[in-house]
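Quick one: sequence plus predicted model below, questions after.
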Amino acid sequence: MVNHHFPIVSGILVVLAALAAPANAAQAVPSPSTPAESGAKLLVCNACHGDNGVPKDATIPIIWGQQENFLIKQLHDFQSGDRDSEVMSWMVKTLSQAEQGAAAAYFAKKNWPARYAGAAATPPPNGIAACQICHQQDFVGGLPGPRLAGQSYEYLVEAMRRYAGGERTNNADMVKLMEALPSAERDAMARYMSGL
Ligand code: HEC
Ligand code: HEC
(Lines give C-alpha, C1' and ligand atoms only; values in the text may rest on other atoms or scores of the structure.)
(Ligands and ions follow the chains in the order given, each with its own letter.)
Protein backbone atom coordinates (compact mmCIF):
# COMPACT_ATOMS: atom_id res chain seq x y z
CA MET A 1 0.00 0.00 0.00
CA VAL A 2 2.64 2.49 1.04
CA ASN A 3 5.07 1.56 -1.74
CA HIS A 4 2.23 1.58 -4.18
CA HIS A 5 1.38 5.21 -3.31
CA PHE A 6 4.97 6.33 -3.05
CA PRO A 7 4.96 8.86 -5.92
CA ILE A 8 1.81 10.48 -4.49
CA VAL A 9 3.14 10.46 -0.94
CA SER A 10 6.43 12.05 -1.92
CA GLY A 11 4.52 14.75 -3.81
CA ILE A 12 2.52 15.41 -0.67
CA LEU A 13 5.65 15.66 1.44
CA VAL A 14 6.75 18.54 -0.78
CA VAL A 15 3.38 20.28 -0.40
CA LEU A 16 3.39 19.80 3.37
CA ALA A 17 6.92 21.11 3.68
CA ALA A 18 5.78 24.24 1.84
CA LEU A 19 2.77 24.58 4.15
CA ALA A 20 4.88 24.08 7.26
CA ALA A 21 7.33 26.87 6.41
CA PRO A 22 5.06 29.91 6.90
CA ALA A 23 3.51 28.28 9.99
CA ASN A 24 6.93 27.98 11.63
CA ALA A 25 7.88 31.51 10.66
CA ALA A 26 4.72 32.80 12.34
CA GLN A 27 5.33 30.89 15.56
CA ALA A 28 6.24 34.01 17.51
CA VAL A 29 2.66 35.24 17.08
CA PRO A 30 0.45 32.29 18.06
CA SER A 31 -2.81 32.45 16.14
CA PRO A 32 -5.31 29.91 14.87
CA SER A 33 -4.57 28.80 11.32
CA THR A 34 -6.15 31.00 8.70
CA PRO A 35 -9.02 29.68 6.56
CA ALA A 36 -6.68 29.84 3.54
CA GLU A 37 -4.14 27.63 5.27
CA SER A 38 -6.84 25.10 6.27
CA GLY A 39 -8.15 25.10 2.70
CA ALA A 40 -4.67 24.35 1.39
CA LYS A 41 -4.37 21.45 3.83
CA LEU A 42 -7.60 19.96 2.48
CA LEU A 43 -6.28 20.21 -1.10
CA VAL A 44 -3.72 17.62 -0.04
CA CYS A 45 -6.55 15.14 0.56
CA ASN A 46 -7.49 15.34 -3.13
CA ALA A 47 -4.18 13.80 -4.13
CA CYS A 48 -5.60 10.45 -3.05
CA HIS A 49 -9.33 10.93 -2.49
CA GLY A 50 -9.67 12.73 -5.84
CA ASP A 51 -10.33 16.35 -6.80
CA ASN A 52 -13.76 15.33 -8.13
CA GLY A 53 -14.54 12.86 -5.35
CA VAL A 54 -13.37 9.81 -7.31
CA PRO A 55 -10.35 8.32 -5.49
CA LYS A 56 -7.09 7.85 -7.38
CA ASP A 57 -7.41 4.10 -7.05
CA ALA A 58 -10.04 1.65 -5.88
CA THR A 59 -8.28 0.80 -2.61
CA ILE A 60 -8.87 4.40 -1.40
CA PRO A 61 -12.39 5.08 -0.08
CA ILE A 62 -14.78 7.73 -1.39
CA ILE A 63 -15.21 10.41 1.29
CA TRP A 64 -17.32 12.94 -0.67
CA GLY A 65 -20.91 12.80 0.57
CA GLN A 66 -20.02 10.33 3.37
CA GLN A 67 -21.71 10.70 6.78
CA GLU A 68 -20.15 13.58 8.70
CA ASN A 69 -20.13 11.86 12.10
CA PHE A 70 -18.51 8.80 10.59
CA LEU A 71 -15.78 10.93 8.97
CA ILE A 72 -15.07 12.72 12.26
CA LYS A 73 -14.83 9.41 14.09
CA GLN A 74 -12.46 7.90 11.50
CA LEU A 75 -10.13 10.92 11.66
CA HIS A 76 -10.16 10.64 15.44
CA ASP A 77 -9.48 6.90 15.27
CA PHE A 78 -6.59 7.32 12.81
CA GLN A 79 -5.07 9.86 15.19
CA SER A 80 -5.51 7.75 18.32
CA GLY A 81 -4.37 4.59 16.54
CA ASP A 82 -7.70 2.82 17.12
CA ARG A 83 -7.80 2.48 13.33
CA ASP A 84 -4.48 1.50 11.86
CA SER A 85 -3.41 3.15 8.60
CA GLU A 86 0.12 4.38 8.12
CA VAL A 87 -0.79 7.02 5.54
CA MET A 88 -3.93 8.31 7.26
CA SER A 89 -2.48 8.43 10.77
CA TRP A 90 0.27 10.54 9.29
CA MET A 91 -2.14 12.75 7.27
CA VAL A 92 -4.41 13.42 10.22
CA LYS A 93 -1.52 14.70 12.32
CA THR A 94 -1.30 17.67 9.92
CA LEU A 95 -4.78 18.78 11.06
CA SER A 96 -5.75 20.40 14.36
CA GLN A 97 -8.86 19.14 16.17
CA ALA A 98 -10.89 22.03 14.71
CA GLU A 99 -9.52 21.36 11.21
CA GLN A 100 -10.55 17.70 11.49
CA GLY A 101 -14.12 18.78 12.20
CA ALA A 102 -14.00 21.29 9.34
CA ALA A 103 -12.61 18.63 6.98
CA ALA A 104 -15.39 16.18 7.88
CA ALA A 105 -18.06 18.85 7.35
CA TYR A 106 -16.47 19.95 4.07
CA PHE A 107 -16.33 16.47 2.53
CA ALA A 108 -19.72 15.39 3.91
CA LYS A 109 -21.41 18.32 2.11
CA LYS A 110 -19.99 17.32 -1.29
CA ASN A 111 -21.96 15.05 -3.61
CA TRP A 112 -21.12 11.36 -3.65
CA PRO A 113 -19.54 10.77 -7.09
CA ALA A 114 -21.20 8.74 -9.82
CA ARG A 115 -20.49 5.07 -9.31
CA TYR A 116 -17.40 3.29 -10.54
CA ALA A 117 -17.55 2.09 -14.10
CA GLY A 118 -17.20 -1.65 -13.90
CA ALA A 119 -19.30 -2.12 -10.77
CA ALA A 120 -22.14 -4.28 -12.03
CA ALA A 121 -25.52 -4.67 -10.34
CA THR A 122 -25.88 -8.13 -8.74
CA PRO A 123 -28.87 -9.65 -6.89
CA PRO A 124 -28.94 -9.14 -3.07
CA PRO A 125 -26.87 -11.91 -1.44
CA ASN A 126 -28.05 -13.97 1.56
CA GLY A 127 -27.74 -12.25 4.91
CA ILE A 128 -27.64 -8.72 3.50
CA ALA A 129 -30.80 -7.76 5.45
CA ALA A 130 -28.75 -7.85 8.67
CA CYS A 131 -26.54 -5.08 7.30
CA GLN A 132 -29.48 -2.87 6.36
CA ILE A 133 -30.41 -2.47 10.04
CA CYS A 134 -27.51 -0.07 10.48
CA HIS A 135 -26.47 0.90 6.93
CA GLN A 136 -30.07 1.60 5.78
CA GLN A 137 -32.21 -0.15 3.20
CA ASP A 138 -30.36 1.32 0.21
CA PHE A 139 -26.93 1.47 1.94
CA VAL A 140 -26.70 5.26 1.65
CA GLY A 141 -25.86 5.35 5.34
CA GLY A 142 -27.24 7.25 8.26
CA LEU A 143 -26.75 6.71 11.94
CA PRO A 144 -25.10 4.52 12.97
CA GLY A 145 -23.60 3.01 9.80
CA PRO A 146 -21.70 4.87 7.06
CA ARG A 147 -22.62 4.88 3.38
CA LEU A 148 -21.48 1.74 1.56
CA ALA A 149 -23.52 2.01 -1.68
CA GLY A 150 -21.20 2.75 -4.60
CA GLN A 151 -18.00 2.42 -2.54
CA SER A 152 -15.51 0.35 -4.56
CA TYR A 153 -15.58 -3.43 -4.31
CA GLU A 154 -11.83 -3.46 -3.59
CA TYR A 155 -12.14 -1.11 -0.63
CA LEU A 156 -15.24 -2.79 0.82
CA VAL A 157 -13.93 -6.35 0.64
CA GLU A 158 -10.62 -5.33 2.21
CA ALA A 159 -12.34 -3.34 4.99
CA MET A 160 -14.51 -6.38 5.77
CA ARG A 161 -11.48 -8.69 5.73
CA ARG A 162 -9.65 -6.43 8.18
CA TYR A 163 -12.56 -6.45 10.64
CA ALA A 164 -12.80 -10.24 10.30
CA GLY A 165 -9.08 -10.70 10.82
CA GLY A 166 -8.96 -8.41 13.84
CA GLU A 167 -6.79 -5.86 12.02
CA ARG A 168 -9.48 -3.15 12.21
CA THR A 169 -11.00 -3.08 15.67
CA ASN A 170 -12.48 0.42 15.92
CA ASN A 171 -16.04 -0.96 16.01
CA ALA A 172 -16.78 -4.07 18.08
CA ASP A 173 -20.10 -4.84 16.32
CA MET A 174 -18.44 -4.86 12.91
CA VAL A 175 -15.66 -7.16 14.15
CA LYS A 176 -18.17 -9.69 15.53
CA LEU A 177 -20.34 -9.56 12.41
CA MET A 178 -17.42 -10.01 10.00
CA GLU A 179 -15.77 -12.79 12.04
CA ALA A 180 -19.01 -14.76 11.65
CA LEU A 181 -19.09 -14.47 7.84
CA PRO A 182 -17.17 -16.80 5.52
CA SER A 183 -15.00 -14.85 3.06
CA ALA A 184 -17.14 -15.93 0.08
CA GLU A 185 -20.17 -14.27 1.69
CA ARG A 186 -18.24 -11.10 2.46
CA ASP A 187 -17.11 -11.07 -1.15
CA ALA A 188 -20.69 -11.36 -2.46
CA MET A 189 -21.86 -8.58 -0.13
CA ALA A 190 -19.02 -6.26 -1.17
CA ARG A 191 -19.86 -6.85 -4.85
CA TYR A 192 -23.53 -6.18 -4.25
CA MET A 193 -22.99 -2.96 -2.27
CA SER A 194 -20.43 -1.57 -4.73
CA GLY A 195 -22.94 -2.03 -7.54
CA LEU A 196 -25.68 -0.02 -5.79
C1 HEC B 1 -1.58 9.36 0.27
C2 HEC B 1 -2.98 9.07 0.08
C3 HEC B 1 -3.99 9.73 1.00
C4 HEC B 1 -4.10 11.06 1.34
C5 HEC B 1 -3.23 12.22 0.90
C6 HEC B 1 -5.27 11.17 2.19
N7 HEC B 1 -5.86 9.95 2.35
FE8 HEC B 1 -7.51 9.55 3.47
N9 HEC B 1 -7.30 7.55 3.06
C10 HEC B 1 -6.30 7.00 2.28
C11 HEC B 1 -6.39 5.55 2.34
C12 HEC B 1 -5.49 4.55 1.62
C13 HEC B 1 -7.49 5.25 3.20
C14 HEC B 1 -7.95 3.87 3.66
C15 HEC B 1 -7.22 3.53 4.94
C16 HEC B 1 -7.40 2.10 5.39
O17 HEC B 1 -8.53 1.63 5.46
O18 HEC B 1 -6.38 1.49 5.69
C19 HEC B 1 -8.03 6.54 3.61
C20 HEC B 1 -9.13 6.67 4.46
C21 HEC B 1 -9.67 7.88 4.84
C22 HEC B 1 -10.88 8.03 5.63
C23 HEC B 1 -11.77 6.90 6.13
C24 HEC B 1 -12.91 6.71 5.12
C25 HEC B 1 -13.71 5.44 5.31
O26 HEC B 1 -14.66 5.22 4.52
O27 HEC B 1 -13.40 4.63 6.19
C28 HEC B 1 -11.07 9.37 5.83
C29 HEC B 1 -12.19 10.03 6.61
C30 HEC B 1 -10.00 10.06 5.15
N31 HEC B 1 -9.17 9.14 4.55
C32 HEC B 1 -9.86 11.45 5.10
C33 HEC B 1 -8.76 12.11 4.54
C34 HEC B 1 -8.53 13.54 4.67
C35 HEC B 1 -9.47 14.51 5.37
C36 HEC B 1 -7.36 13.79 4.02
C37 HEC B 1 -6.62 15.12 3.90
C38 HEC B 1 -6.26 15.74 5.15
C39 HEC B 1 -6.86 12.51 3.50
N40 HEC B 1 -7.74 11.53 3.84
C41 HEC B 1 -5.69 12.36 2.76
C42 HEC B 1 -5.35 7.68 1.55
C43 HEC B 1 -5.11 9.04 1.64
C1 HEC C 1 -25.09 -2.76 14.56
C2 HEC C 1 -24.98 -1.88 13.41
C3 HEC C 1 -24.27 -2.45 12.18
C4 HEC C 1 -24.57 -3.58 11.47
C5 HEC C 1 -25.68 -4.61 11.76
C6 HEC C 1 -23.65 -3.62 10.35
N7 HEC C 1 -22.81 -2.54 10.38
FE8 HEC C 1 -21.25 -2.18 9.14
N9 HEC C 1 -20.74 -0.55 10.25
C10 HEC C 1 -21.44 -0.08 11.34
C11 HEC C 1 -20.74 1.09 11.87
C12 HEC C 1 -21.20 1.93 13.05
C13 HEC C 1 -19.59 1.27 11.07
C14 HEC C 1 -18.49 2.32 11.25
C15 HEC C 1 -17.49 1.72 12.20
C16 HEC C 1 -16.31 2.60 12.47
O17 HEC C 1 -16.39 3.49 13.29
O18 HEC C 1 -15.28 2.42 11.80
C19 HEC C 1 -19.63 0.22 10.04
C20 HEC C 1 -18.65 0.07 9.05
C21 HEC C 1 -18.73 -0.82 8.02
C22 HEC C 1 -17.79 -0.90 6.92
C23 HEC C 1 -16.56 -0.02 6.73
C24 HEC C 1 -16.95 1.23 5.98
C25 HEC C 1 -15.80 2.15 5.71
O26 HEC C 1 -16.01 3.11 4.93
O27 HEC C 1 -14.69 1.97 6.20
C28 HEC C 1 -18.21 -1.91 6.10
C29 HEC C 1 -17.57 -2.35 4.81
C30 HEC C 1 -19.42 -2.48 6.69
N31 HEC C 1 -19.70 -1.79 7.85
C32 HEC C 1 -20.13 -3.53 6.15
C33 HEC C 1 -21.22 -4.14 6.80
C34 HEC C 1 -21.88 -5.33 6.31
C35 HEC C 1 -21.54 -6.04 5.02
C36 HEC C 1 -22.85 -5.66 7.22
C37 HEC C 1 -23.78 -6.85 7.23
C38 HEC C 1 -23.17 -8.17 7.25
C39 HEC C 1 -22.79 -4.65 8.28
N40 HEC C 1 -21.78 -3.76 7.99
C41 HEC C 1 -23.62 -4.62 9.39
C42 HEC C 1 -22.59 -0.60 11.86
C43 HEC C 1 -23.16 -1.80 11.48
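Cool, got the structure. Ligands and ions are numbered 1, 2, ... in the order given.

contacts, neighbours, all on C-alpha from now
Fine.

how near is residue 40 to ligand 2?
24 Å (C-alpha to the nearest ligand atom, to the nearest Å).

buried ones in the helix or strand where that residue lies?
Residue 40 belongs to helix 35-49 when elements are defined using DSSP states H and E. With burial defined by 16 or more other C-alpha atoms under 10 Å, the residues of helix 35-49 counted as buried are 38, 41-42, 44-45, 48-49.

and what of stretch 60-73?
Residues of stretch 60-73 classed as buried by neighbour count (16+ other C-alpha under 10 Å): 60-73.

Next: stretch 147-162.
In stretch 147-162, counting by 16+ other C-alpha under 10 Å, buried: 147-157, 159-162.

Return the member of those residues nearest to ligand 1.
Closest approach to ligand 1 among these (C-alpha to the nearest ligand atom): residue 159, at 6.3 Å.

Three-state assignment for that closest one, please.
At residue 159, secondary structure determined by DSSP: H, G, I helix; E, B strand; the rest coil is helix.

which non-adjacent residue is nearest it?
residue 168 (7.8 Å; C-alpha to C-alpha, 6 or more residues apart in numbering).

same deal with residue 79?
Nearest non-adjacent residue to residue 79, counting by C-alpha to C-alpha, 6+ apart: residue 89, 5.3 Å away.

same check, this time on residue 101
residue 72 (6.1 Å).

Show me what residue of this protein gets nearest to ligand 1.
residue 45 (3.3 Å).

before we move on, which element is residue 176 in?
Residue 176 is part of helix 172-179 when elements are defined by DSSP H and E.

anything in that helix near ligand 1?
No: judged by C-alpha under 6 Å from any ligand atom, helix 172-179 makes no contact with ligand 1; its nearest approach is 12.7 Å.

before we move on, what about stretch 72-80?
Yes: counting by C-alpha under 6 Å from any ligand atom, ligand 1 has neighbours in stretch 72-80: 74-75.

ok, now how distant is residue 115 from residue 55?
Distance check for residue 115 against residue 55: by C-alpha to C-alpha, to the nearest Å, it reads 11 Å.

Counting neighbours, go ahead and name the busier of these two.
Using other C-alpha atoms under 10 Å, the more surrounded residue of residue 115 and residue 55 is residue 55, with 21 against 16.

In what element of secondary structure is the residue in the chain positioned nearest to ligand 2 found?
Nearest residue of the chain to ligand 2: residue 131, at 3.3 Å (C-alpha to the nearest ligand atom). Assigning secondary structure by DSSP H and E places residue 131 in helix 128-135.
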